[in-house]
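# Have a look at this fold, sequence not included:
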(Lines give C-alpha, C1' and ligand atoms only; values in the text may rest on other atoms or scores of the structure.)
Protein backbone atom coordinates (compact mmCIF):
# COMPACT_ATOMS: atom_id res chain seq x y z
CA UNK A 1 0.00 0.00 0.00
CA UNK A 2 1.48 3.32 -1.07
CA UNK A 3 -1.10 5.88 0.02
CA UNK A 4 -4.25 6.21 2.12
CA UNK A 5 -6.57 9.02 3.11
CA UNK A 6 -10.13 9.15 4.44
CA UNK A 7 -11.65 8.08 1.11
CA UNK A 8 -9.10 6.49 -1.25
CA UNK A 9 -6.59 3.65 -0.87
CA UNK A 10 -3.67 3.38 -3.30
CA UNK A 11 -1.71 0.12 -3.57
CA UNK A 12 0.56 -1.84 -5.90
CA UNK A 13 -0.30 -5.37 -7.03
CA UNK A 14 2.14 -8.20 -7.66
CA UNK A 15 2.95 -6.91 -11.16
CA UNK A 16 3.83 -3.46 -9.84
CA UNK A 17 0.68 -1.84 -11.24
CA UNK A 18 -0.89 0.93 -9.18
CA UNK A 19 -4.56 0.66 -8.23
CA UNK A 20 -6.96 3.04 -6.50
CA UNK A 21 -10.11 2.04 -4.67
CA UNK A 22 -12.38 3.45 -2.02
CA UNK A 23 -11.65 2.63 1.62
CA UNK A 24 -15.02 0.89 2.04
CA UNK A 25 -14.48 -1.32 -1.00
CA UNK A 26 -10.95 -2.13 0.12
CA UNK A 27 -12.12 -3.23 3.56
CA UNK A 28 -14.78 -5.46 2.01
CA UNK A 29 -12.17 -7.48 0.11
CA UNK A 30 -9.18 -7.32 2.48
CA UNK A 31 -9.28 -8.81 5.95
CA UNK A 32 -5.55 -9.25 6.53
CA UNK A 33 -2.91 -7.00 8.06
CA UNK A 34 -1.82 -3.80 6.34
CA UNK A 35 1.78 -2.75 6.90
CA UNK A 36 2.72 0.90 6.34
CA UNK A 37 6.29 1.98 5.69
CA UNK A 38 7.54 5.55 5.56
CA UNK A 39 10.96 6.83 4.54
CA UNK A 40 12.78 8.87 7.20
CA UNK A 41 15.99 10.88 7.28
CA UNK A 42 17.89 7.75 8.38
CA UNK A 43 16.52 5.58 5.57
CA UNK A 44 19.38 4.54 3.31
CA UNK A 45 18.88 5.14 -0.39
CA UNK A 46 21.51 3.22 -2.31
CA UNK A 47 22.55 4.47 -5.74
CA UNK A 48 21.57 1.14 -7.30
CA UNK A 49 18.08 1.37 -5.81
CA UNK A 50 17.64 4.88 -7.20
CA UNK A 51 18.58 3.69 -10.70
CA UNK A 52 16.33 0.66 -10.35
CA UNK A 53 13.39 2.85 -9.31
CA UNK A 54 14.01 5.18 -12.25
CA UNK A 55 14.08 2.25 -14.68
CA UNK A 56 10.95 0.80 -13.07
CA UNK A 57 9.03 4.05 -13.56
CA UNK A 58 10.34 4.47 -17.12
CA UNK A 59 9.07 1.00 -18.01
CA UNK A 60 5.83 1.54 -16.14
CA UNK A 61 5.00 4.79 -17.94
CA UNK A 62 6.72 3.95 -21.25
CA UNK A 63 3.56 4.52 -23.30
CA UNK A 64 2.93 8.00 -21.86
CA UNK A 65 6.62 8.91 -22.20
CA UNK A 66 6.58 7.83 -25.86
CA UNK A 67 3.47 9.94 -26.54
CA UNK A 68 5.03 12.98 -24.85
CA UNK A 69 8.20 12.64 -26.93
CA UNK A 70 6.13 12.41 -30.13
CA UNK A 71 4.16 15.54 -29.21
CA UNK A 72 7.31 17.46 -28.26
CA UNK A 73 8.99 16.36 -31.49
CA UNK A 74 5.98 17.54 -33.49
CA UNK A 75 5.91 20.95 -31.82
CA UNK A 76 9.68 21.27 -32.23
CA UNK A 77 9.26 20.51 -35.94
CA UNK A 78 6.80 23.40 -36.21
CA UNK A 79 9.34 25.67 -34.51
CA UNK A 80 12.03 24.62 -36.98
CA UNK A 81 9.70 25.54 -39.87
CA UNK A 82 9.41 29.10 -38.44
CA UNK A 83 5.65 28.80 -38.07
CA UNK A 84 3.66 31.65 -36.54
CA UNK A 85 3.20 31.46 -32.73
CA UNK A 86 -0.56 30.92 -33.09
CA UNK A 87 0.11 27.73 -35.07
CA UNK A 88 2.28 26.49 -32.20
CA UNK A 89 -0.56 27.26 -29.78
CA UNK A 90 -2.91 25.35 -32.10
CA UNK A 91 -0.63 22.30 -31.91
CA UNK A 92 -0.49 22.67 -28.12
CA UNK A 93 -4.30 22.56 -27.88
CA UNK A 94 -4.27 19.38 -29.97
CA UNK A 95 -1.54 17.93 -27.73
CA UNK A 96 -3.59 18.78 -24.64
CA UNK A 97 -6.58 17.04 -26.24
CA UNK A 98 -4.50 13.93 -26.95
CA UNK A 99 -3.34 13.71 -23.33
CA UNK A 100 -6.88 14.18 -21.97
CA UNK A 101 -8.17 11.53 -24.39
CA UNK A 102 -5.53 9.08 -23.17
CA UNK A 103 -6.60 9.80 -19.58
CA UNK A 104 -10.23 9.07 -20.52
CA UNK A 105 -9.22 5.83 -22.27
CA UNK A 106 -7.23 4.75 -19.23
CA UNK A 107 -10.16 5.47 -16.94
CA UNK A 108 -12.68 3.80 -19.29
CA UNK A 109 -10.82 0.58 -19.96
CA UNK A 110 -8.11 0.01 -17.35
CA UNK A 111 -8.53 1.81 -14.03
CA UNK A 112 -11.95 3.19 -13.15
CA UNK A 113 -10.52 4.77 -9.99
CA UNK A 114 -8.02 6.92 -11.91
CA UNK A 115 -8.19 10.61 -10.82
CA UNK A 116 -11.19 9.72 -8.65
CA UNK A 117 -10.92 12.80 -6.45
CA UNK A 118 -11.13 15.01 -9.55
CA UNK A 119 -13.73 12.89 -11.35
CA UNK A 120 -16.14 12.15 -8.49
CA UNK A 121 -17.29 15.27 -6.65
CA UNK A 122 -20.44 14.89 -4.61
CA UNK A 123 -23.51 13.40 -6.28
CA UNK A 124 -23.42 15.59 -9.38
CA UNK A 125 -19.98 14.89 -10.87
CA UNK A 126 -19.32 11.23 -11.69
CA UNK A 127 -17.07 10.56 -14.68
CA UNK A 128 -17.46 6.77 -14.57
CA UNK A 129 -21.24 6.99 -14.82
CA UNK A 130 -21.06 9.41 -17.74
CA UNK A 131 -18.30 7.59 -19.62
CA UNK A 132 -20.08 4.23 -19.39
CA UNK A 133 -23.53 5.55 -20.29
CA UNK A 134 -25.13 4.77 -23.66
CA UNK A 135 -24.96 8.34 -24.90
CA UNK A 136 -21.19 8.60 -24.51
CA UNK A 137 -20.40 6.13 -27.29
CA UNK A 138 -21.12 5.84 -31.00
CA UNK A 139 -21.23 2.35 -32.55
CA UNK A 140 -19.54 0.95 -29.44
CA UNK A 141 -16.71 3.48 -29.75
CA UNK A 142 -16.27 5.42 -26.52
CA UNK A 143 -15.51 9.08 -25.95
CA UNK A 144 -11.83 8.40 -25.27
CA UNK A 145 -11.31 6.62 -28.59
CA UNK A 146 -13.30 9.18 -30.59
CA UNK A 147 -11.54 12.20 -29.11
CA UNK A 148 -8.11 10.58 -29.41
CA UNK A 149 -8.77 9.81 -33.08
CA UNK A 150 -9.87 13.41 -33.69
CA UNK A 151 -6.93 15.11 -31.98
CA UNK A 152 -4.26 12.65 -33.20
CA UNK A 153 -5.33 12.82 -36.85
CA UNK A 154 -5.46 16.64 -36.86
CA UNK A 155 -2.09 16.86 -35.07
CA UNK A 156 -0.34 14.65 -37.64
CA UNK A 157 -2.21 16.19 -40.57
CA UNK A 158 -1.37 19.77 -39.54
CA UNK A 159 2.32 18.92 -39.31
CA UNK A 160 2.54 17.08 -42.62
CA UNK A 161 0.30 19.40 -44.68
CA UNK A 162 0.77 22.73 -42.90
CA UNK A 163 0.43 24.69 -46.16
CA UNK A 164 -3.14 23.47 -46.90
CA UNK A 165 -4.38 21.93 -43.63
CA UNK A 166 -6.65 24.85 -42.75
CA UNK A 167 -9.77 24.04 -44.79
CA UNK A 168 -10.12 20.42 -43.67
CA UNK A 169 -9.26 21.37 -40.07
CA UNK A 170 -12.08 23.95 -40.06
CA UNK A 171 -14.61 21.32 -41.18
CA UNK A 172 -13.43 18.84 -38.53
CA UNK A 173 -13.48 21.52 -35.84
CA UNK A 174 -17.06 22.56 -36.65
CA UNK A 175 -18.20 18.93 -36.34
CA UNK A 176 -16.30 18.58 -33.04
CA UNK A 177 -17.89 21.76 -31.63
CA UNK A 178 -21.33 20.34 -32.42
CA UNK A 179 -20.41 17.20 -30.49
CA UNK A 180 -19.30 19.29 -27.49
CA UNK A 181 -22.70 21.00 -27.45
CA UNK A 182 -24.36 17.58 -27.57
CA UNK A 183 -22.11 16.45 -24.70
CA UNK A 184 -23.15 19.37 -22.50
CA UNK A 185 -26.87 18.94 -23.27
CA UNK A 186 -26.65 15.18 -22.64
CA UNK A 187 -24.89 15.60 -19.29
CA UNK A 188 -27.12 18.41 -17.96
CA UNK A 189 -30.59 17.54 -19.24
CA UNK A 190 -30.59 13.80 -19.92
CA UNK A 191 -28.11 12.10 -17.60
CA UNK A 192 -28.05 14.92 -15.03
CA UNK A 193 -24.46 14.01 -14.19
CA UNK A 194 -21.27 15.88 -14.91
CA UNK A 195 -17.91 14.63 -16.17
CA UNK A 196 -14.81 16.73 -15.54
CA UNK A 197 -12.73 14.85 -18.13
CA UNK A 198 -15.45 15.43 -20.73
CA UNK A 199 -15.29 19.14 -19.95
CA UNK A 200 -11.52 19.09 -20.48
CA UNK A 201 -12.11 17.56 -23.91
CA UNK A 202 -14.64 20.31 -24.61
CA UNK A 203 -12.12 22.95 -23.54
CA UNK A 204 -9.52 21.41 -25.87
CA UNK A 205 -11.97 21.52 -28.79
CA UNK A 206 -12.99 25.11 -28.02
CA UNK A 207 -9.34 26.13 -27.69
CA UNK A 208 -8.76 24.41 -31.00
CA UNK A 209 -11.62 26.42 -32.55
CA UNK A 210 -10.34 29.74 -31.16
CA UNK A 211 -6.81 29.19 -32.50
CA UNK A 212 -8.19 28.20 -35.90
CA UNK A 213 -10.22 31.41 -35.94
CA UNK A 214 -7.09 33.45 -35.22
CA UNK A 215 -5.19 31.54 -37.91
CA UNK A 216 -7.61 32.80 -40.59
CA UNK A 217 -5.24 35.74 -41.11
CA UNK A 218 -2.31 33.43 -41.84
CA UNK A 219 -3.78 30.52 -43.83
CA UNK A 220 -6.24 30.30 -46.70
CA UNK A 221 -9.14 27.88 -46.92
CA UNK A 222 -8.02 25.70 -49.82
CA UNK A 223 -8.84 22.13 -50.74
CA UNK A 224 -6.78 19.82 -52.90
CA UNK A 225 -6.71 16.17 -53.84
CA UNK A 226 -3.39 15.74 -52.04
CA UNK A 227 -4.67 17.25 -48.79
CA UNK A 228 -7.74 14.98 -48.80
CA UNK A 229 -5.56 11.98 -49.62
CA UNK A 230 -3.11 12.83 -46.82
CA UNK A 231 -5.96 13.35 -44.36
CA UNK A 232 -7.58 10.02 -45.32
CA UNK A 233 -4.25 8.18 -45.13
CA UNK A 234 -3.38 9.57 -41.70
CA UNK A 235 -6.90 8.80 -40.51
CA UNK A 236 -6.64 5.19 -41.70
CA UNK A 237 -3.24 4.73 -40.06
CA UNK A 238 -4.50 6.11 -36.74
CA UNK A 239 -7.65 3.99 -37.00
CA UNK A 240 -5.64 0.81 -37.64
CA UNK A 241 -3.37 1.59 -34.69
CA UNK A 242 -6.42 2.18 -32.52
CA UNK A 243 -8.01 -1.11 -33.57
CA UNK A 244 -4.75 -2.93 -32.88
CA UNK A 245 -4.43 -1.37 -29.42
CA UNK A 246 -8.04 -2.29 -28.65
CA UNK A 247 -7.34 -5.89 -29.74
CA UNK A 248 -4.31 -6.05 -27.45
CA UNK A 249 -6.35 -4.61 -24.58
CA UNK A 250 -9.19 -7.09 -25.17
CA UNK A 251 -6.74 -9.99 -25.19
CA UNK A 252 -5.24 -8.78 -21.91
CA UNK A 253 -8.71 -8.51 -20.36
CA UNK A 254 -9.53 -11.99 -21.64
CA UNK A 255 -6.30 -13.36 -20.18
CA UNK A 256 -7.05 -11.86 -16.77
CA UNK A 257 -10.65 -13.10 -16.92
CA UNK A 258 -9.59 -16.64 -17.82
CA UNK A 259 -6.98 -16.60 -15.09
CA UNK A 260 -9.62 -15.61 -12.54
CA UNK A 261 -12.07 -18.26 -13.77
CA UNK A 262 -9.47 -21.03 -13.69
CA UNK A 263 -8.06 -20.03 -10.31
CA UNK A 264 -10.66 -22.32 -8.69
CA UNK A 265 -9.00 -25.32 -10.35
CA UNK A 266 -6.07 -24.95 -7.96
CA UNK A 267 -8.25 -26.20 -5.12
CA UNK A 268 -6.48 -29.42 -3.94
CA UNK A 269 -9.74 -31.40 -3.91
CA UNK A 270 -10.62 -30.39 -7.48
CA UNK A 271 -7.06 -31.15 -8.57
CA UNK A 272 -7.24 -34.69 -7.16
CA UNK A 273 -10.55 -35.33 -8.94
CA UNK A 274 -9.19 -34.12 -12.28
CA UNK A 275 -6.02 -36.12 -11.70
CA UNK A 276 -7.94 -39.40 -11.60
CA UNK A 277 -9.35 -38.70 -15.08
CA UNK A 278 -5.88 -38.62 -16.66
CA UNK A 279 -3.81 -41.61 -17.89
CA UNK A 280 -1.82 -43.39 -15.24
CA UNK A 281 1.24 -45.57 -14.86
CA UNK A 282 1.45 -48.87 -13.00
CA UNK A 283 3.65 -47.69 -10.15
CA UNK A 284 5.66 -44.71 -9.01
CA UNK A 285 9.45 -44.94 -8.96
CA UNK A 286 10.93 -45.80 -5.60
CA UNK A 287 13.20 -43.37 -3.83
CA UNK A 288 16.05 -45.80 -4.38
CA UNK A 289 16.21 -45.11 -8.12
CA UNK A 290 15.36 -41.40 -8.23
CA UNK A 291 16.98 -38.13 -7.32
CA UNK A 292 14.77 -36.55 -4.69
CA UNK A 293 14.70 -33.27 -2.82
CA UNK A 294 15.25 -33.21 0.91
CA UNK A 295 11.69 -32.09 1.63
CA UNK A 296 9.27 -34.58 3.09
CA UNK A 297 5.51 -34.66 2.62
CA UNK A 298 2.53 -36.76 1.60
CA UNK A 299 2.04 -35.42 -1.94
CA UNK A 300 5.14 -36.32 -3.93
CA UNK A 301 5.75 -35.29 -7.52
CA UNK A 302 7.80 -37.31 -10.00
CA UNK A 303 9.31 -35.42 -12.91
CA UNK A 304 10.89 -37.23 -15.85
CA UNK A 305 13.35 -35.00 -17.67
CA UNK A 306 15.97 -35.31 -20.40
CA UNK A 307 19.30 -33.42 -20.58
CA UNK A 308 18.86 -32.89 -24.34
CA UNK A 309 15.19 -31.90 -24.28
CA UNK A 310 14.42 -28.23 -25.06
CA UNK A 311 11.05 -28.34 -23.28
CA UNK A 312 12.74 -29.78 -20.21
CA UNK A 313 15.17 -26.85 -20.26
CA UNK A 314 12.26 -24.39 -20.27
CA UNK A 315 10.66 -25.85 -17.13
CA UNK A 316 13.86 -26.51 -15.19
CA UNK A 317 13.66 -23.33 -13.11
CA UNK A 318 10.11 -24.29 -12.13
CA UNK A 319 11.38 -27.72 -11.03
CA UNK A 320 13.80 -25.99 -8.66
CA UNK A 321 11.04 -23.69 -7.35
CA UNK A 322 8.53 -26.46 -6.74
CA UNK A 323 11.18 -28.65 -5.10
CA UNK A 324 11.61 -26.00 -2.42
CA UNK A 325 7.92 -26.28 -1.53
CA UNK A 326 6.93 -29.92 -1.99
CA UNK A 327 8.74 -33.29 -2.35
CA UNK A 328 10.05 -33.89 -5.86
CA UNK A 329 11.57 -37.04 -7.35
CA UNK A 330 13.59 -36.69 -10.55
CA UNK A 331 14.16 -39.33 -13.21
CA UNK A 332 16.71 -38.70 -15.98
CA UNK A 333 15.54 -40.33 -19.21
CA UNK A 334 17.85 -40.16 -22.24
CA UNK A 335 17.30 -40.80 -25.94
CA UNK A 336 18.46 -44.17 -27.35
CA UNK A 337 22.13 -44.04 -28.42
CA UNK A 338 22.48 -40.50 -27.04
CA UNK A 339 25.98 -40.81 -25.59
CA UNK A 340 26.21 -37.14 -24.68
CA UNK A 341 22.88 -37.25 -22.85
CA UNK A 342 23.95 -40.41 -21.00
CA UNK A 343 27.18 -38.77 -19.85
CA UNK A 344 25.42 -35.61 -18.65
CA UNK A 345 22.76 -37.62 -16.82
CA UNK A 346 25.43 -39.68 -15.06
CA UNK A 347 27.38 -36.54 -14.08
CA UNK A 348 24.17 -35.12 -12.54
CA UNK A 349 23.59 -38.37 -10.63
CA UNK A 350 27.21 -38.32 -9.40
CA UNK A 351 26.81 -34.71 -8.22
CA UNK A 352 23.62 -35.73 -6.44
CA UNK A 353 25.40 -38.54 -4.60
CA UNK A 354 28.38 -36.33 -3.77
CA UNK A 355 26.95 -32.87 -3.05
CA UNK A 356 23.19 -33.32 -2.83
CA UNK A 357 20.07 -32.20 -4.65
CA UNK A 358 20.82 -28.47 -4.93
CA UNK A 359 24.20 -29.04 -6.58
CA UNK A 360 22.73 -31.54 -9.02
CA UNK A 361 20.00 -29.05 -9.99
CA UNK A 362 22.59 -26.29 -10.39
CA UNK A 363 24.70 -28.38 -12.78
CA UNK A 364 21.65 -29.51 -14.75
CA UNK A 365 20.55 -25.89 -15.07
CA UNK A 366 24.05 -24.93 -16.22
CA UNK A 367 23.90 -27.63 -18.90
CA UNK A 368 20.50 -26.47 -20.11
CA UNK A 369 21.74 -22.89 -20.44
CA UNK A 370 25.25 -23.36 -21.87
CA UNK A 371 25.43 -27.00 -23.01
CA UNK A 372 28.55 -27.26 -20.87
CA UNK A 373 29.32 -28.23 -17.27
CA UNK A 374 32.49 -26.55 -16.00
CA UNK A 375 32.89 -28.88 -13.02
CA UNK A 376 32.32 -32.09 -15.00
CA UNK A 377 35.90 -33.27 -14.39
CA UNK A 378 35.32 -33.12 -10.63
CA UNK A 379 32.83 -35.98 -10.77
CA UNK A 380 33.95 -39.51 -11.57
CA UNK A 381 31.26 -41.78 -12.94
CA UNK A 382 31.19 -45.02 -10.96
CA UNK A 383 29.49 -48.36 -11.49
CA UNK A 384 26.95 -47.34 -8.83
CA UNK A 385 26.03 -44.25 -10.85
CA UNK A 386 25.76 -46.20 -14.10
CA UNK A 387 23.59 -48.79 -12.37
CA UNK A 388 21.18 -46.11 -11.09
CA UNK A 389 20.98 -44.49 -14.51
CA UNK A 390 20.22 -47.87 -16.12
CA UNK A 391 17.49 -48.58 -13.54
CA UNK A 392 15.86 -45.26 -14.46
CA UNK A 393 15.85 -46.18 -18.17
CA UNK A 394 14.39 -49.62 -17.45
CA UNK A 395 11.74 -48.09 -15.19
CA UNK A 396 10.65 -45.63 -17.91
CA UNK A 397 10.42 -48.43 -20.50
CA UNK A 398 8.34 -50.61 -18.17
CA UNK A 399 5.95 -47.73 -17.39
CA UNK A 400 5.89 -46.70 -21.08
CA UNK A 401 7.13 -43.21 -20.24
CA UNK A 402 8.65 -41.99 -23.50
CA UNK A 403 7.88 -38.25 -23.52
CA UNK A 404 9.73 -35.56 -21.62
CA UNK A 405 9.08 -33.63 -19.59
CA UNK A 406 6.50 -35.79 -17.83
CA UNK A 407 5.04 -34.74 -14.49
CA UNK A 408 3.34 -37.53 -12.55
CA UNK A 409 1.46 -37.32 -9.25
CA UNK A 410 0.02 -40.39 -7.51
CA UNK A 411 0.56 -42.53 -10.64
CA UNK A 412 -1.33 -40.05 -12.85
CA UNK A 413 -0.01 -37.58 -15.41
CA UNK A 414 -1.05 -34.10 -14.35
CA UNK A 415 -3.73 -32.43 -16.53
CA UNK A 416 -2.27 -30.10 -19.18
CA UNK A 417 -4.26 -27.20 -17.74
CA UNK A 418 -1.88 -27.07 -14.75
CA UNK A 419 1.45 -25.37 -15.53
CA UNK A 420 4.34 -26.67 -13.47
CA UNK A 421 5.02 -23.17 -12.13
CA UNK A 422 1.61 -23.14 -10.36
CA UNK A 423 1.41 -26.81 -9.42
CA UNK A 424 2.44 -26.13 -5.82
CA UNK A 425 -0.86 -24.30 -5.23
CA UNK A 426 -2.84 -27.44 -6.09
CA UNK A 427 -0.70 -29.73 -3.93
CA UNK A 428 -0.52 -27.65 -0.74
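Thanks, I have it. Because the structure is predicted, anything quoted here is derived from the model rather than measured.
# where in the protein is pLDDT low?
Applying pLDDT under 70 to the chain flags residues 1-7, 12-20, 29, 31-39, 41-48, 264-266, 294-299, 428.
# Which segments of it make up each domain?
82-261, 280-427 (automatic domain parsing).
# could these go into CSV alongside mean neighbour count and distance to residue 273?
To be clear about C-beta, it is placed using only N, CA and C from the backbone, and glycine gets the same treatment. Shown next, in CSV, are the domains of the chain (neighbours: other Cβ atoms under 10 Å; distance: least, Cβ to Cβ, whole Å):
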stretch, mean neighbour count, distance to residue 273
domain 82-261, 17, 17
domain 280-427, 17, 10
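# Among those domains, which comes closest to residue 270?
domain 280-427 (8.0 Å; Cβ to Cβ).
# What's the end-to-end length of that closest one?
Distance across domain 280-427, first residue to last, is 18 Å (Cα to Cα, to the nearest Å).
# now stretch 261-270
14 Å.
# Please report phi then psi for residue 301.
Backbone torsions of residue 301, given as degrees, to the nearest 10, read phi -120, psi 130.
# Could you report the distance from it to residue 324?
Distance, residue 301 to residue 324, using Cβ to Cβ, to the nearest Å: 12 Å.
# For the domains of the chain, give me CSV that also has distance to residue 59.
Shown next, in CSV, are the domains of the chain (distance: least, Cβ to Cβ, whole Å):
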stretch, distance to residue 59
domain 82-261, 16
domain 280-427, 22
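# among those, which is nearest residue 69?
Closest among the domains of the chain, using Cβ to Cβ: domain 82-261, at 11.7 Å.
# Measure how far that closest one is from the centre of its chain, please.
26 Å (Cα atoms, centre = their mean, to the nearest Å).
# what's the answer for stretch 60-67, then?
For stretch 60-67, the distance to the chain centre is 14 Å (Cα atoms, centre = their mean).
# relative to its centroid, which residue of this protein is most remote?
residue 383 (50.6 Å; Cα atoms, centre = their mean).
# Which element, helix or strand, includes the one residue sitting closest to the centre of the chain?
The centre of the chain sits closest to residue 252, judged by Cα atoms, centre = their mean, with a distance of 7.2 Å. Per DSSP states H and E, residue 252 falls inside helix 225-262.
# And the helix or strand that that helix is followed by, what does it pack against?
Using DSSP H and E, the helix or strand that follows helix 225-262 towards the C-terminus is helix 268-275. Helices and strands touching helix 268-275, by 3 or more Cβ pairs under 8 Å, 6 or more residues apart in numbering; DSSP states H and E, are helix 423-427.
# which residues sit against the helix it packs on?
Residues outside helix 423-427 that contact it (Cβ atoms under 8 Å, 6 or more residues apart in numbering) are 265-268, 271, 299, 301, 321-322, 325-326, 407, 409, 414, 418.
# for those, which one is nearest residue 281?
Nearest to residue 281, judged by Cβ to Cβ, of the contacts of helix 423-427 is residue 409 at 10.9 Å.
# Could you give the bridge partners of that closest one?
With DSSP bridges as the criterion, residue 409 is bridged to residue 301, residue 412.
# mind listing what it touches?
Residues in contact with residue 409 (Cβ under 8 Å, 6+ apart) are 275, 299-302, 427.
# where does residue 418 land in three-state SS?
Recorded secondary structure, residue 418: coil (DSSP: H, G, I helix; E, B strand; the rest coil).
# isn't it right up against residue 270?
No. Residue 418 lies out of contact with residue 270 (Cβ atoms under 8 Å); the separation is 10.6 Å.
# dump the residue contacts of residue 207.
93, 96.
# Likewise for residue 220?
Neighbours of residue 220 in contact, by Cβ under 8 Å, 6+ apart: residue 166.
# what's it sitting at in phi/psi?
Dihedral angles (degrees, to the nearest 10) for residue 220: phi -100, psi 150.
# How about residue 375?
Phi and psi for residue 375, reported as degrees, to the nearest 10, are phi -90, psi 20.
# State the distance from it to residue 367.
11 Å.
# swap in residue 55?
32 Å.
# again with residue 181
Distance of residue 181 to residue 367, computed by Cβ to Cβ: 70 Å.
# cool, and residue 222?
With Cβ to Cβ as the criterion, residue 222 and residue 367 are 71 Å apart.
# What strand or helix carries the residue nearest to residue 170 when sequence neighbours are not counted?
Closest residue to residue 170 apart from its sequence neighbours, by Cβ to Cβ, 6 or more residues apart in numbering: residue 212 at 6.1 Å. Under the criterion of DSSP H and E, residue 212 resides in helix 196-214.
# ok, now residue 407?
Applying DSSP H and E, one finds residue 407 within strand 406-409.
# Which secondary structure state is assigned to residue 221?
From three-state DSSP, the assignment for residue 221 is coil.
# show me what contacts it?
Here residue 221 is in contact with 166-167, 170 (Cβ under 8 Å, 6+ apart).
# change it to 6 Å
The contact partners of residue 221, by Cβ atoms under 6 Å, 6 or more residues apart in numbering, come to 166-167.
# swap in residue 345?
Counting by Cβ under 6 Å, 6+ apart, residue 345 touches 307, 332, 334, 389.
# quick one: the helices in the stretch 51-200 of the chain?
62-80, 85-109, 116-119, 127-131, 143-160, 166-185, 196-214 (DSSP state H, counting those that start in this stretch).
# And the contacts of the longest one?
Meaning helix 85-109. Counting by Cβ under 6 Å, 6+ apart, 71, 75, 78, 114, 131, 142-144, 147-148, 151-152, 154-155, 197, 200-201, 204, 207-208, 211, 214-215, 249 sit against helix 85-109.
# For residue 287, see how far away residue 406 is.
In terms of Cβ to Cβ, residue 406 sits 18 Å off from residue 287.
# among the helices of the stretch 51-200 of the chain, which is nearest residue 347?
Closest among the helices of the stretch 51-200 of the chain, using Cβ to Cβ: helix 62-80, at 43.8 Å.
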